[in-house]
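Student: curious how this folds, go ahead:
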Amino acid sequence: MTFKKSAILSISGLCLGIVIVFIFSFITETNSSAYANTGQLKVVSEKLIERSNDSNLSKEKLTKVPFHAKVKTPTSLPFEADKIFDEVQAYTGESVESITHYYNTNKNSYISIGVTDENVIPADEGIVDLQTKKGTVQYFDNGVFQFIFINEDGLFYTIKAQKNIKKPELKFSKDELISIVTGLKAH
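Tutor: Below is the predicted model of the structure:
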């Protein structure tokens, strides 16, 4: 079962990375190729809903998540988000994940917070336990993204962060990521 969840997380991360590349190429480019990518963006990310464009549709989609009322959201991020997207990923069976993507297009910063009621157990290799005011969380850096895994109130959160998508060697400090964890509040 641990292998299945790790595989699902890996595949989900890969798909999410592809979507992020399309989104950022669309958001940050202003030349004609950005317009050519518009059709591709709609096909690849038809599940992404930008909050500022259609917040009612976003709320409607998120309320279909069975555990929506229990989901906690961040009270602060290490950057000001100028683009926020919501999506719901359906996996095998009845398993779903609610994901919110936060972007700062000027700093090329990105953080996503995925929430599921499935028991997510990250692979052991490279995982570091970090102590927070809320207890122990797991931290992982794969060289491109930084991850924080949290189990709180029966929900499993995955925070995925990249300080600068164009310079993956730049990292958020662990304290910056922990502040997201300690700032998660019910809405």
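
Student: which strands and helices lie in contact with the host helix or strand of Tyr110?
Tutor: For Tyr110, the host element (DSSP states H and E) is strand 109-116. In terms of contacts (3 or more C-beta pairs under 8 Å, 6 or more residues apart in numbering; DSSP states H and E), strand 109-116 is packed against helix 2-28, strand 96-104, strand 155-162. Every C-beta, even on glycine, is put in place using the N, C-alpha and C of the backbone.

Student: rerun that using 7 Å as the cut-off
Tutor: With contacts taken as 3 or more C-beta pairs under 7 Å, 6 or more residues apart in numbering; DSSP states H and E, strand 109-116 sits against strand 96-104, strand 155-162.

Student: average pLDDT across that strand?
Tutor: Mean pLDDT, strand 109-116: 95.

Student: buried stuff in it?
Tutor: Within strand 109-116, the residues that qualify as buried are Ser109, Tyr110, Ile111, Ser112, Ile113, Gly114, Val115, Thr116, counting by 16 or more other C-beta atoms under 10 Å.

Student: and the third one, what is it in contact with?
Tutor: The contact partners of Ile111, by C-beta atoms under 7 Å, 6 or more residues apart in numbering, come to Leu77, Tyr102, Ile159, Lys160, Ala161.

Student: would you reformat these as JSON lines and include distance to Val137?
Tutor: JSON lines is the format used below for those (distance: C-beta to C-beta, whole Å):
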{"residue": "Leu77", "distance to Val137": "16"}
{"residue": "Tyr102", "distance to Val137": "19"}
{"residue": "Ile159", "distance to Val137": "9"}
{"residue": "Lys160", "distance to Val137": "13"}
{"residue": "Ala161", "distance to Val137": "13"}
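
Student: got those residues as a markdown table, with distance to Val128, neighbour count and pLDDT columns?
Tutor: Shown next, in a markdown table, are the contacts of Ile111 (distance: C-beta to C-beta, whole Å; neighbours: other C-beta atoms under 10 Å; pLDDT from 0 to 100):
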| residue | distance to Val128 | neighbour count | pLDDT |
| --- | --- | --- | --- |
| Leu77 | 22 | 18 | 96 |
| Tyr102 | 23 | 21 | 95 |
| Ile159 | 14 | 23 | 96 |
| Lys160 | 16 | 24 | 96 |
| Ala161 | 15 | 23 | 97 |
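
Student: all set, thanks.
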